[in-house]
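In: Below is the structure, and that's it, no one-letter string:
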């Protein structure tokens, strides 16, 4: 199963997201995709609880960057090849899907388009 959401903004939306995900029987074959403003990669100290929340989910967590991400930190993360495209590995369970890449996830193909102005 692929679950899509957006605009979690780090710890601000975790309680809501946790409640919604508790309604679903997630497995390690599922994918949660956050379509921008995940807030996972922001500040190593401030968002440890956010990263821990996602690391503890049974599903794989994928996210596209939004305008509320720490791009310097994100861009410093290792680049891996996954789902047919390049991505940043945040942790064993969290992957940042890069703009301009095409991915095949659960037999569905996605082209990621999102831009940052003034970058």
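Out: The structure has been received and is ready for your questions. No experiment lies behind these values; they were computed from the predicted model shown. Numbers count the residues shown, from 1 in each chain.

In: where does the protein have low pLDDT?
Out: 44-47, 114-119 (pLDDT under 70).

In: And the strands in it, which stretches?
Out: Remark: strands assigned in the chain by DSSP state E are 2-5, 31-35, 60-64, 79-82, 85-89, 94-97, 102-105, 108-111.

In: Neighbouring strands of the fourth one in the sheet, and parallel or not?
Out: Read that as strand 79-82. strand 85-89 (antiparallel) (DSSP bridges).

In: Check the offset of the strand it pairs with from the chain's centre.
Out: Averaging C-alpha positions (C-alpha atoms, centre = their mean, to the nearest Å) puts strand 85-89 11 Å from its chain's average.

In: Just put the strands of the chain in CSV and tack on distance to residue 11.
Out: Glycine gets a C-beta too; all of them are placed from N, C-alpha and C. Below are the strands of the chain laid out as CSV (distance: least, C-beta to C-beta, whole Å):
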stretch, distance to residue 11
strand 2-5, 15
strand 31-35, 14
strand 60-64, 15
strand 79-82, 26
strand 85-89, 21
strand 94-97, 15
strand 102-105, 26
strand 108-111, 27
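
In: Any chance of these in TSV with mean neighbour count and distance to residue 21 as columns?
Out: Formatted as TSV, these follow (neighbours: other C-beta atoms under 10 Å; distance: least, C-beta to C-beta, whole Å):
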stretch	mean neighbour count	distance to residue 21
strand 2-5	14	7
strand 31-35	21	7
strand 60-64	23	11
strand 79-82	12	22
strand 85-89	17	22
strand 94-97	23	15
strand 102-105	15	18
strand 108-111	12	20
